[in-house]
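>>> Structure for this input, please:
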Amino acid sequence: MAGAGTGKTRTLIYRVARLVELGHPPPSILLLTFTRRASEEMLRRAAHLLDRRCESVAGGTFHSFANTILRRHAGAAGFGGNFTILDRSDSQDLVGLIRHEVHTGHKAVRFPRKETLADLFSRAVNREEDVATAVEKEAPHFLYCLDDILAVSRMYEATKRERNLMDYDDLLVHLAALLRENEAVRRTVSESYRHVLVDEYQDTNRIQAEILRLLATAHDNVMAVGDDSQSIYSFRGASFRNIMDFPSDFPGSRVVFLEENYRSRQPILDLTNEIIAGAAEKFPKRLFTSRSGGEKAAILSAPNERMQSVFVADRILELHEEEGIPLREIAVLFRAAYLSFDLEVELAKRRIPYRKFGGFRFLETAHVKDVIAHLRLIDNPRDSLSLSRALTLVPGIGRKVSADLSRQAYHEASLLPVLSSLKGRKRSEEAARLAKLLSELGGEKPGPEGAAASPAEMMARVIAYYRPIMEARFDDYPRRLKDLDHLESLCARHGTLSEFLSEITLEPPQASVVDIAVPEGEEDTLTLSTIHSAKGLEWKAVFILWVLDGKLPLSRAAENEEEMEEERRLLYVAATRAKDLLVMTYPVNIYERAAGTVLSKPSRFVEGIPATVLPRFALIE
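Down below sits the predicted model:
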């Protein structure tokens, strides 16, 4: 049980080297990791520590190991030895062919795209649940066509069998089945690998846990390294139960705690210990360090999101300019990608270069760009680039036709005659909708009682127009709607549409990194990251945005105890990324449209922590 920053990788490396030093044949030692690169790096370091014998240790991912064993025993697994492995793209293409066959007879209703279907099938396998349950949990807006989705799933499985194909998930499923059902193969494989070591055990799914149990049949020599408090990938199929149940899955196992942290200062660990102390189920461990001193972690409330962004941007500049901390040693973390949009605008204004991980940048998401294009067109009807983008969203109009129409509208100095000239029922209906939107908001028709519409009203009208288009284009449109809600709140702060558009486009976030000179060979850029993408990384200074009850934890997590516990672990992972400085912020009086509630309280995971551990401050304008 390796707490955050306690050196779990080093522990595995020393374990490998020690086993080889004791005389165990390197090929009889199996090191299972989650990336090939991690395995190669560990064995390289073990060889450096001892000698080159360590390079002969059998190392790799669960999937690569499954491929090796299944090819060795293909007949027993019911496959030909020359089975083909489908990568993610291949799997989606095969699903696409079957999708077309199933859905071609009745195209009157919307049907999920091949990528969405392949993802749903994969999630079902990794979570060991049926496809219907996966659809109900992940894409309930497609329940109306569940029978067709299930038909595609059945045909996909049958086609793989018939054509001697396996996708990534099949490698694990068929290996588990082979070891479970064939005692001779199970014993042979178990005897071949007398010592099994597993990294990041908290991120394994139930199939991987079963494989591990079966591999240990002949010897029970298993060492797993992980941290129950950092189990945050249930959406990928990882099971928190695996690490909690290890002692019962392997009776007589010994639990070794690594609690000395080499990353963070003690005041930060005092907070992280308090956060995880509230977990309903955990292994008892309390992190400590010899790195005493330093500032206490702090939490600050802001009167609104803009003030939160201004404060964080100001503080980052202070740390960089006055205290000499490189930007690459500073990170801003958040629960979901859209929660950094406002900060990105602020960073662009200050010309602070940054890289964002987990989700797209504010102006790079297709749905945000689509809405902005329509607003630009309202503000400037002669913007042919925005017109071209808006026209491509009309059914039956491709890039070439939209470019031609844009040029025509530009020369005629009017868009409406061009739109009315479009032939084809569906085309003309959609074109009429666009024409109505642009004419009413573009000044050709006054707003209610003769007054011009406000920027917020214009934004609301554009989103209402765009929503059916977005629902037709994107299978994950419920998530994208949240981005548009956020865009709407940004727009509401401005008196004119021109002012709003200038604010977010004059210094576009994606231009800031390019425009600022960075010393050669050095990328001194700030890191913005979702918490999920930040796991395993560390920085001198960490800011966590939106530590607001309803955002972290998410409001919907309150319906499920397991989800709520994972939300707590997310905050713990975020807080343990900080070496020297940790600051949490949250805005108040945030209206959450979906629930119809106003959010103003700090996260429940920190609310009861004593002020001696977590001082509270309030920002004022």
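>>> When you work out contacts or count neighbours from here on, use the C-alpha atoms and nothing else.
OK.
>>> Give me the distance between the residue nearest to residue 233 when sequence neighbours are not counted and residue 219.
Spatial nearest neighbour of residue 233, chain neighbours left out: residue 203 (6.5 Å); criterion: C-alpha to C-alpha, 6 or more residues apart in numbering. Separation of residue 203 from residue 219 (C-alpha to C-alpha, to the nearest Å): 24 Å.
>>> How about residue 588?
Taking C-alpha to C-alpha, one finds residue 588 at 57 Å from residue 219.
>>> Between the two, tell me which one has more neighbours.
residue 588 (18 against 14; other C-alpha atoms under 10 Å).
>>> Tell me the pLDDT of that one.
We have a pLDDT of 93 for residue 588.
>>> Which residues are in contact with it?
301-305, 599-601 (C-alpha atoms under 8 Å, 6 or more residues apart in numbering).
>>> any idea which strand is longest in the chain?
Criterion DSSP state E: the longest strand present in the chain is strand 578-587.
>>> Skip the chain neighbours and tell me the closest residue to the residue nearest to the spatial centre of the chain.
The centroid of the chain falls nearest to residue 358 when counting by C-alpha atoms, centre = their mean (5.1 Å). Residue nearest to residue 358 in three dimensions, not counting chain neighbours: residue 530, with 5.3 Å by C-alpha to C-alpha, 6+ apart.
>>> tally of neighbours for residue 272?
That count, for residue 272 with other C-alpha under 10 Å as the rule, works out to 23.
>>> and it, that's in a helix?
Yes. Assessed with DSSP: H, G, I helix; E, B strand; the rest coil, residue 272 lies in a helix.
>>> Next one: it from residue 453, what distance?
Counting by C-alpha to C-alpha, the gap from residue 272 to residue 453 is 49 Å.
>>> next one: residue 50
73 Å.
>>> Dihedrals phi and psi, residue 356?
Dihedral angles phi and psi of residue 356 (degrees, to the nearest 10) take the values phi -120, psi 130.
>>> And it, how close does it get to residue 331?
Going from residue 356 to residue 331 by C-alpha to C-alpha gives 10 Å.
>>> Which secondary structure state is assigned to residue 124?
helix.
>>> Near it, how many residues? Count them for me, please.
18.
>>> which residues does residue 299 bridge with?
With DSSP bridges applied, residue 299 shows beta-bridge pairing to residue 584, residue 616.
>>> Surely it touches residue 613?
No. Assessed by C-alpha atoms under 8 Å, residue 299 is found out of contact with residue 613, at 10.6 Å.
>>> Name the single longest helix found in this protein.
helix 455-473 (DSSP state H).
>>> which helices and strands does that helix pack with?
helix 366-379, helix 425-441, helix 477-491 (3 or more C-alpha pairs under 8 Å, 6 or more residues apart in numbering; DSSP states H and E).
>>> so where does residue 16 fall, helix or strand?
helix 8-21 (DSSP states H and E).
>>> ok, residues contacting that helix?
2, 26, 29, 42-43, 45-47, 49-50, 53-54, 197, 199, 225-226, 258.
>>> and the longest helix of the chain, how far from the chain's centre?
Relative to its chain's centre, helix 455-473 lies at 25 Å (C-alpha atoms, centre = their mean, to the nearest Å).
>>> Now do the same contact list for residue 556.
Counting by C-alpha under 8 Å, 6+ apart, residue 556 has contacts residue 550.
>>> So it belongs to a helix, correct?
Yes. Under three-state DSSP, residue 556 falls within a helix.
>>> returning to that earlier point: my guess is the residue nearest to the centre of the chain contacts residue 533, does it?
Yes. Residue 358 is within contact range of residue 533, at 5.8 Å (criterion: C-alpha under 8 Å).
>>> Just give the number of residues close to residue 10.
12.
>>> Against residue 33, how distant is it?
14 Å.
>>> Ranking helices and strands of this structure by mean pLDDT, which lands last?
One helix or strand of the chain scores below all others by mean pLDDT, DSSP states H and E: helix 509-515, with a mean of 29.
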